[in-house]
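Participant: what's the 3D shape of this:
(2 chains)
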Amino acid sequence: KNEVEQSPQNLTAQEGEFITINCSYSVGISALHWLQQHPGGGIVSLFMLSSGKKKHGRLIATINIQEKHSSLHITASHPRDSAVYICAVRSLGGGADGLTFGKGTHLIIQP
Amino acid sequence: EAGVAQSPRYKIIEKRQSVAFWCNPISGHATLYWYQQILGQGPKLLIQFQNNGVVDDSQLPKDRFSAERLKGVDSTLKIQPAKLEDSAVYLCASSLQGYGYTFGSGTRLTVV
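Facilitator: Purely as a prediction, here's the structure:
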């Protein structure tokens, strides 16, 4: 069973700061997702990675398969980025491909 | 493209009552997942369907939880009888062969 650890659990920063959220996992994966969850429960998929790096607007996600580690970066952070960011992985093999989730990082960006 | 639809958005019930949640996945997505998210934790997979067959229900408390996807499209998740510890957000998601994961807005269940 894959164990997914995120850090930090909570992060408060000032508007404009560069934000980094880390994710590590214990077992080989076929894909890693970064998700955003706002109060109310709905989850939005930000990235799906299997290697390298992806960029979308001010968000950048990287993954190092050998080190079993991924990071999510937010440049020029804004109060609307305040949310819970969740890392989730899809383990290798088998027909069951439900995601294993980290506990999330609660990010608050203050104006 | 329409998203994953879930209803109701909120539900409050007394313990020992029954409740049902409904999910309509993205059109064409053969795989449907139900997740349970307890406050302060990441979501946990309850059950995965491939079309109308169950792929993984190893974490579904089968003594009180049941789920079905009769025609390979819509799905319902039922709890009977509910316990206090079932209070959580129930998320439905769908994918096309594990890709294009899309989540619904969730149903927030409070058991009192």
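
Participant: So for the helix or strand bottoming out on mean pLDDT in chain B, what gets flagged as buried?
Facilitator: The least trusted helix or strand in chain B, going by mean pLDDT, DSSP states H and E, turns out to be strand B:99-103, with a mean of 82. By 16 or more other C-beta atoms under 10 Å in any protein chain shown, the buried positions in strand B:99-103 come out as B:101-103. All C-beta atoms are positioned from the backbone trio N, CA, C, and that covers glycine.

Participant: Residue numbers of chain A in contact with chain B?
Facilitator: Within chain A, the positions lying close to chain B (C-beta under 8 Å from any C-beta of the partner chain) are A:4, A:30-31, A:33, A:35, A:40-45, A:48, A:86, A:88, A:90, A:95-104.

Participant: need the buried residues of strand B:99-103 in TSV with distance to chain A, can you?
Facilitator: Formatted as TSV, the buried residues of strand B:99-103 follow (distance: C-beta to the nearest C-beta, whole Å):
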residue	distance to chain A
B:Tyr101	6
B:Thr102	7
B:Phe103	4
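
Participant: Tell me if I am right that A:Glu17 is in a helix.
Facilitator: No - with DSSP: H, G, I helix; E, B strand; the rest coil as the criterion, A:Glu17 is assigned coil and is not in a helix.

Participant: so it touches A:Thr75, yeah?
Facilitator: No - taking contacts as C-beta atoms under 8 Å, A:Glu17 lies outside contact range of A:Thr75: 9.3 Å.

Participant: thinking again about what came up before, residues touching the least confident helix or strand of chain B, excluding its own?
Facilitator: If you take C-beta atoms under 8 Å, 6 or more residues apart in numbering or on different chains as the criterion, strand B:99-103 is touched by A:31, A:33, A:35, A:42-45, A:48, A:99, B:3-4, B:25-26, B:29, B:91-95.

Participant: What residue, apart from its backbone neighbours, is nearest the residue nearest in space to the middle of chain B spatially?
Facilitator: Nearest residue to the geometric centre of chain B (C-alpha atoms, centre = their mean): B:Trp34, 3.3 Å. In space, and not counting its chain neighbours, B:Trp34 is closest to B:Leu46: 4.5 Å by C-beta to C-beta, 6 or more residues apart in numbering or on different chains.

Participant: tell me which element that neighbour falls in.
Facilitator: strand B:44-50 (DSSP states H and E).

Participant: Averaged pLDDT, that strand. What do you get?
Facilitator: Across strand B:44-50, pLDDT averages out at 93.

Participant: In chain B, where's the longest strand?
Facilitator: strand B:88-96 (DSSP state E).
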